[in-house]
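Asker: Show me how the following folds:
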Amino acid sequence: MTDFFQCKEYVVRESVGFTNLHESYDIWDAEEKARLASATEEADLALKIQKLFLDKAFLPALVKVHDVAGRLLLELEQPRSLIVSSLIARDAEGKTLGTFRQNLFSYGGALEVTGPDGLPLGTISGDWKCRQYTFADTGGKALATIDHLYGGLARELLTTADDYRVRILGDQSLAPLVLAGTLAVDLVFHEV
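Answerer: The predicted structure is shown next:
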C-alpha cells in the first residue's frame, strides 16, 4: 500500500468541465491541504458523443486514479447497464478489490459492497438528502463516512460537479476501497 492510502481524511473535488465530456477529480489530503492524486475517466470519442444524447447512468465508465508522479493507484470500471449500476474496483496490478452494486430499493441511495471473492463486505448507504453516506461492514459498524460538501449555489444548480470529504474510521487497509466507493457514489447517484 502506497503512502497515498495512509491518510485518514481526504477531500475529493470533481472538476467543472462543461466541454470535457468526461469526469475528472482531484484528491487532496484534508489535513495537509496537499493534492495527492487525480482521477480521470478515460472516454473515447464515441463514448463522448453518446454522453451528449444519453443519460450517463446507462453508459460505461473507466476511471483511473494516478498519484502526482503519474503512477496508477487504482481504477474503477462501470460496465454499460440499463437498470442497476455495478462497478468494479481494481488496484494498480489489476487485482479486484471489490464490487459496488446499486441497491434500487434503498431510501437515500445504497451500494452493496462485495470483496474479490464475491462475499459481502458491507454497504455504502446515504441519508434521505443524499448528503451523507456511511460505509459500514456487514455488522453495521461504520468503516468510513463520505460527506457530500456544499459547493455554492451556482455550482450546485448549474453543474454536476461535487466535492466529498472522506473520513476513514476503521481499518486503514480499506482506504483504496473507500476511495473507489466515493467515486462510485458520485458516478451512480450524482451524475444525472
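Asker: hey, let's count contacts and neighbours off CA atoms from now on
Answerer: OK.
Asker: mind listing what's buried in stretch 69-82?
Answerer: For stretch 69-82, burial by neighbour count (16 or more other Cα atoms under 10 Å) applies to 72-78, 80.
Asker: Can I get it in CSV? Just the C-alpha atoms.
Answerer: Below are the C-alpha coordinates for stretch 69-82, written out as CSV (Å, rounded to 0.1, in the frame of the first residue of the first chain):
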residue,chain,number,x,y,z
ALA,A,69,4.0,11.3,-10.0
GLY,A,70,1.7,9.7,-12.5
ARG,A,71,1.7,6.1,-11.0
LEU,A,72,-1.5,4.2,-11.3
LEU,A,73,-3.1,3.6,-7.9
LEU,A,74,-6.5,2.1,-8.6
GLU,A,75,-9.2,2.0,-11.3
LEU,A,76,-13.0,1.8,-11.2
GLU,A,77,-14.9,0.3,-14.1
GLN,A,78,-18.6,0.6,-14.7
PRO,A,79,-19.9,-1.6,-17.5
ARG,A,80,-22.9,-0.5,-19.6
SER,A,81,-26.1,-1.1,-17.7
LEU,A,82,-29.8,-0.5,-18.2
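Asker: Can you name the residues in contact with it?
Answerer: 57-67, 85-92, 176, 180, 183-184 (Cα atoms under 8 Å, 6 or more residues apart in numbering).
Asker: Just the ones in helices from these, please.
Answerer: In helices, defined here by DSSP state H, the members of the contacts of stretch 69-82 are 176, 180, 183-184.
Asker: before we move on, the earlier item: could the buried residues of stretch 69-82 be laid out in a markdown table, adding pLDDT?
Answerer: Shown next, in a markdown table, are the buried residues of stretch 69-82 (pLDDT from 0 to 100):
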| residue | pLDDT |
| --- | --- |
| L72 | 96 |
| L73 | 96 |
| L74 | 95 |
| E75 | 96 |
| L76 | 95 |
| E77 | 94 |
| Q78 | 90 |
| R80 | 83 |
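Asker: Filter those residues down to just the ones in strands.
Answerer: Counting by DSSP state E, the part of the buried residues of stretch 69-82 found in strands is 72-78.
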